[in-house]
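Student: generate coordinates for the sequence data below:
(one chain, ligands or ions: 1)
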Amino acid sequence: VGLSAPQQGDNIAAIRDWIRRETGIVLGPGAEIFGRRLSRIQERYGCSGLDDLRAALDGAEPASLREEVIDAATTQETSWFRDGATFDALRALVLSRGRPLSIWSAGCAYGQEIYSVAMLLAEANAFDQARLLATDISPHSLRRAREGRYLSWEMARGLSANRRERYFHREGSHWVLKPELREAVEFRSHDLRKGLSESFDLILCRHVLLYFDAATQRSALAKLARSLRPDGYLALGNVESLRRLEAPLRKVSMGGAAFYAPLPSM
Ligand SMILES: C[S@@+](CC[C@H](N)C(=O)[O-])C[C@H]1O[C@@H](n2cnc3c(N)ncnc32)[C@H](O)[C@@H]1O
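Tutor: Model prediction:
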């Protein structure tokens, strides 16, 4: 016997609540892509319906189901050297510091962001000894980022032919990043709602906070601020701003890009 529409609605709402608890991501009622992905997961795991899937999630069994539902709720939209002005400013910053930098890409998706930073460092002769950390909550993202293998359409998003030839080799339909760059990055599973007890010269947390509600954004930002060195900078996505978030940070404009620095009292 199939479930009535209100029962289906209850199950979807319960799964959205589960996602919010597990990741902080707020999915709107119209999250159709998520709905389609859930149906595929439901089939793969032999769940008879959303009620069955919901019960399996509540029972946290099997662990791979949990991971797949988290993957289904996340968005990996990204590109190479995304928001060019940010990378122009970064280049100037790297050159002006003149010492090895520690850089964290928080919410790294498939790795294009941290690998763009690695290329920038290599080109500024600042690659050796730099500390590069990239984290994400999505297991699938981390697997792909570690592999450093991209399809032609992914390569075409922001990467020049010059850099493609310099840093990649071709394997069938994929482009594979050189081991020197891949191995220079530590990839780690991490939920942005938890702090990291390390400090960085630069944190890139772009296009991640926008999926959270305001209270979660505020507390994640405060934690990011605590992971900045006193002279460090945080980059957010260019559509994101600190308005109303009361973060212990001040805006610093560099060229056409905005960064956030810890308040002097911190
Ligand atoms: C749209 S991508 C942004 C990628 C890259 N930072 C950029 O700007 O191009 C958002 C990423 O944030 C990750 N994410 C979502 N919620 C997270 C959380 N609570 N903790 C860590 N990462 C999270 C997603 O898995 C996804 O890979």
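Student: from the ligand, how far out is the residue most central in space within the chain?
Tutor: The residue lying closest to the centre of the chain (Cα atoms, centre = their mean) is G107, at 1.8 Å. Distance, G107 to the ligand, by Cβ to the nearest ligand atom, to the nearest Å: 3 Å. In short, each C-beta sits where N, CA and C put it, glycine included.
Student: pLDDT value on that residue, please?
Tutor: pLDDT, G107: 98.
Student: how about V1?
Tutor: V1 is assigned a predicted lDDT (pLDDT) of 48.
Student: give me every residue that touches the closest residue to D191 other than its chain neighbours.
Tutor: Leaving aside its sequence neighbours, D191 sits nearest to I137 (Cβ to Cβ, 6 or more residues apart in numbering; 5.1 Å). Going by Cβ atoms under 8 Å, 6 or more residues apart in numbering, I137 touches 23, 70, 74, 107, 189-192.
Student: the residue nearest to the centre of the chain contacts L142, correct?
Tutor: No - contact criterion Cβ atoms under 8 Å: G107 and L142 do not qualify, at 11.2 Å.
Student: please name the residues that touch L249.
Tutor: Contacts of L249 were listed using Cβ under 8 Å, 6+ apart, and they are 221, 225, 234, 242, 260-263.
Student: in helices, which of these fall?
Tutor: In this view, the contacts of L249 that belong to helices under DSSP state H are 221, 225.
Student: show the buried residues in the contacts of L249.
Tutor: The neighbour-count test (16 or more other Cβ atoms under 10 Å) marks 221, 225, 234, 242, 260-262 as buried among these.
Student: nothing else from me, thank you.
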